[in-house]
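Undergrad: A predicted structure for the sequence below; I have some questions about it.
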Amino acid sequence: MSVIRVQLFAAARDLVGSDVVEVPATEPLTASQLKQRLLELYPALEPMAPALQLAVNCRFASGDQQIEPQDQVACIPPVSGG
């Protein structure tokens, strides 16, 4: 089993209570699958789910993008302000 480390920012970090989480993966995951797994492990993120985005290796990820355990993954919550 591998582990995907996900860095959390802003409101996502506050809701989870940590700036980095580890998501176990028994098979390769797409960005959509990883997002779903994050919501299952951390239900506090559910209210922001529609606007929650993942970035992989410093680029926003499409839903079908494959994620490898060595990838740098960030969970980006919705941003407001001006």
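TA: Done, it's in. Residues are numbered from 1 along each chain as shown.
Undergrad: list the contacts of the residue nearest to residue 53 when sequence neighbours are not counted.
TA: Excluding its sequence neighbours, the residue lying closest to residue 53 (Cβ to Cβ, 6 or more residues apart in numbering) is residue 76, at 4.6 Å. Any C-beta I mention is one placed from the backbone N, CA and C, and that applies to glycine too. Neighbour list for residue 76: 9, 12, 52, 53, 54, 55, 60 [criterion: Cβ atoms under 8 Å, 6 or more residues apart in numbering].
Undergrad: which regions of the protein sit below the pLDDT cut-off?
TA: 80-82 (pLDDT under 70).
Undergrad: before we move on, the earlier item: distance of the residue nearest to residue 53 relative to residue 34?
TA: 13 Å (Cβ to Cβ, to the nearest Å).
Undergrad: so what sits against both of these two?
TA: Taking Cβ under 8 Å, 6+ apart as the criterion, residue 76 and residue 34 both touch residue 54.
Undergrad: for this structure, longest helix please?
TA: Counting residues, the longest helix found in the chain (DSSP state H) is helix 31-41.
Undergrad: how far does it sit from its chain's centre?
TA: Distance of helix 31-41 from the chain centroid (Cα atoms, centre = their mean, to the nearest Å) equals 7 Å.
Undergrad: same for that helix, what does it pack against?
TA: Contacts defined by 3 or more Cβ pairs under 8 Å, 6 or more residues apart in numbering; DSSP states H and E place helix 31-41 against strand 2-8, strand 20-25, strand 53-56.
Undergrad: and residue 23, how many residues sit next to it?
TA: Using other Cβ atoms under 10 Å, residue 23 has 20 other residues around it.
Undergrad: just list whatever residues bridge to it.
TA: residue 4 (DSSP bridges).
Undergrad: go on, residue 67?
TA: residue 29.
Undergrad: so it touches residue 23, yeah?
TA: No - taking contacts as Cβ atoms under 8 Å, residue 67 lies outside contact range of residue 23: 9.5 Å.
Undergrad: so what sits against both of these two?
TA: Counting by Cβ under 8 Å, 6+ apart, the contacts common to residue 67 and residue 23 are 4, 29, 34.
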